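Visitor: Next comes the sequence, and after it the predicted model I'd like to discuss.
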Amino acid sequence: MKIALFAVNGGYTHTNLAVRCLRRELAEHGFSAVVLEHNLRDRTDAMLDSLVAADADLYGFSCYIWNLSVMLTLAADLKALRPESVICFGGPEVSYAQERFDGRAGIDYLISGEGEEAFLTLVRALESGKRPSSRRISGNPISLRPGIAYDAEEDLTGKLVYYESARGCPFQCSYCLSSRTEGIRAKPADEVIADLLAFSGRGVRTVKLVDRTFNFDRARANTIWRALLDDRFTAEYHFEICASLLDTESLGILSRMPAGRVRLEVGLQSTNPQTLHAVNRSIDPARVIAVLTQLHRTSAVHIHLDLIAGLPYEDYTRFGRSFDEAYFCCDVLQLGHLKLLHGTALREDAEKYGYVCAANPPYPVLRSNWLTYDELRRLDAIADLLERVRDSGRFTRALDVLIAEGKGSPFARWCGFLDHITAHDGRPISRISQPDVYRLLAGYAQSVLDGADYAVFDVALRADYADAEVRGHRVPW
């Protein structure tokens, strides 16, 4: 039987862990499979070409909110061209509310939950000539396998690779699909250390652990982090953590990390206690900010902090307060937009909170009892602006002058900059050239800073421009 496992990633440097886990599981039971990997920038006809060329008897599609639309299109086209082939959809985006896919062209089977054993069951059934009677197949939790899912011969140079050391999460946040998983299954620390070392020497740019809360076990996390102090670990390692669980030992180890070795992602989401209670997120935001501020000031660890716009009981003004309280404790402040994922408790409570969300993935909230559509779109624009300017690292010196700690609201400054762009350019930030961003930032600063402060800002912005652009170019303001 010829089996093809199909993935469409978010970017060229990304890889898909799920299809590799399936391939490894199949190989352990005597079946081979080819991985077909594309990204969202690829043309759909090129993706279809590779699917047809694979000439497979069974295709497994790995479905997420970012690729479901193209997956549905390709499945229908592939089925029209190869009606004898079997097409199976799996992944988080098809694990819940599977009735959405009734009658959709091209889909023969749907797997919910973990796919390794479920897909193997389907393969064995098809191999024996006995197709499953039910279109829907449920996956069962499995023990995590030792080793990494990437083959030794794969070229991983410059890639972002994914690795899981645990499945499950100790928290039950109502906006997250991990809340539907009970318990945590984790590899022991020594096994994780050996796995992470296996990526060294292969040119990997970033190893991103997909564990929802890596440091759920402090002692285990500290053992792994302590091992990463060794220079044999050559990539950047990205961990999603709960900052409230960082202890004195954790902070001591992380403070010794070399620059570029560890990236921490922390889901603060909001500093409003009523909001956090409503989404069943049991953290102390003041402690999170205090711990991250200490780590940010005393270590080379890169800190990525998440806020979510659209959560219950947080209107535009209150979100601005969360923004201000979180702004100075991290390197990257990401403003996410609440998505009502199928299978989450928050989607089930949509009517209670006045939620209206988009019909198609990624299902962003369009309005709620606390935020209008226009306010949410404005927050999206601020998120884009923040990513383009602050998070790019190209404007560090200038922003330190324009948005100084203890001198007013950072949120008000970014709102003001957005209004300045709207008044003086009008284009979305993604369509504005880099020199024009410098020019617009200089113009905004001149409008809000006094003469002495603007003179300091101007020197800082010129230094940023010289570092980021070609030296000797005339500044555009």
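Guide: Cool, got the structure. Residues are numbered from 1 along each chain as shown.
Visitor: quick one: Lys208 and Lys159 touch, right?
Guide: No - the criterion here is C-beta atoms under 8 Å, and Lys208 misses it with Lys159 at 10.4 Å. From N, CA and C alone the C-beta is placed, and that goes for glycine too.
Visitor: Next SSE downstream of the host helix or strand of Ala194?
Guide: If you go by DSSP states H and E, Ala194 is part of helix 189-197. Moving toward the C-terminus from helix 189-197, the next helix or strand (DSSP H and E) is strand 206-209.
Visitor: Which neighbouring elements make contact with the helix holding Ala194?
Guide: Counting by 3 or more C-beta pairs under 8 Å, 6 or more residues apart in numbering; DSSP states H and E, the packing neighbours recorded for helix 189-197 are helix 218-227.
Visitor: List the buried residues in the helix it packs on.
Guide: By neighbour count on 16 or more other C-beta atoms under 10 Å, the buried set for helix 218-227 is 220-227.
Visitor: Point out the other helices and strands that that helix packs with.
Guide: Secondary-structure packing of helix 218-227 (3+ C-beta pairs under 8 Å, 6+ apart): helix 189-197, helix 248-254.
Visitor: Let me have the ones you listed in a markdown table, extended by mean pLDDT and mean neighbour count.
Guide: Below are the helices and strands packed on helix 218-227 laid out as a markdown table (pLDDT from 0 to 100; neighbours: other C-beta atoms under 10 Å):
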| stretch | mean pLDDT | mean neighbour count |
| --- | --- | --- |
| helix 189-197 | 98 | 18 |
| helix 248-254 | 97 | 17 |
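Visitor: how about TSV for the ones you listed, with distance to Met71 added?
Guide: Listed next are the helices and strands packed on helix 218-227 as TSV, based on distance: least, C-beta to C-beta, whole Å:
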stretch	distance to Met71
helix 189-197	29
helix 248-254	39
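Visitor: Out of those, which is closest to His424?
Guide: Closest of the helices and strands packed on helix 218-227 to His424 is helix 248-254, at 42.2 Å (criterion: C-beta to C-beta).
Visitor: how far is that closest one from where the chain is centred?
Guide: 25 Å (C-alpha atoms, centre = their mean, to the nearest Å).
Visitor: And that helix, what does it pack against?
Guide: So helix 248-254, by 3+ C-beta pairs under 8 Å, 6+ apart, packs with helix 218-227, helix 285-298.
Visitor: just to revisit the earlier point, relative to Pro285, which of the buried residues of helix 218-227 is nearest.
Guide: Among those, and counting by C-beta to C-beta, the member closest to Pro285 is Ala221, at 21.1 Å.
Visitor: show me what contacts Ala56?
Guide: By C-beta atoms under 8 Å, 6 or more residues apart in numbering, the contact list for Ala56 reads 2-4, 34, 85.
Visitor: hang on, the earlier thing: right, so of the helices and strands packed on helix 218-227, which gets closest to His342?
Guide: With C-beta to C-beta, the closest approach to His342 among these belongs to helix 189-197: 31.3 Å.
Visitor: residues making contact with the closest one?
Guide: Contact partners of helix 189-197, identified using C-beta under 8 Å, 6+ apart, comprise 146-148, 163, 165, 187, 207, 220, 223-224, 227-228, 232-233, 237.
Visitor: Sketch out the low-pLDDT regions of the stretch 1-150 of the chain for me.
Guide: Within the stretch 1-150 of the chain, no stretch has pLDDT under 70.
Visitor: how about the helices in it?
Guide: 17-28, 44-54, 68-81, 116-127 (DSSP state H, counting those that start in this stretch).
Visitor: Quick check: buried residues in the last one?
Guide: By 16+ other C-beta under 10 Å, the buried positions in helix 116-127 come out as 116-123, 126.
Visitor: same thing with the shortest one?
Guide: Neighbour counts over helix 44-54 (16+ other C-beta under 10 Å) mark 47, 51, 54 as buried.
Visitor: repeat for stretch 153-173
Guide: So, applying 16+ other C-beta under 10 Å, buried residues of stretch 153-173: 156, 159-169, 171-173.
Visitor: Give me the neighbour count for the nearest residue to Arg397 once chain neighbours are set aside.
Guide: The shortest distance from Arg397 to any non-neighbouring residue, by C-beta to C-beta, 6 or more residues apart in numbering, is to Ala460 (3.8 Å). By other C-beta atoms under 10 Å, 19 other residues sit near Ala460.
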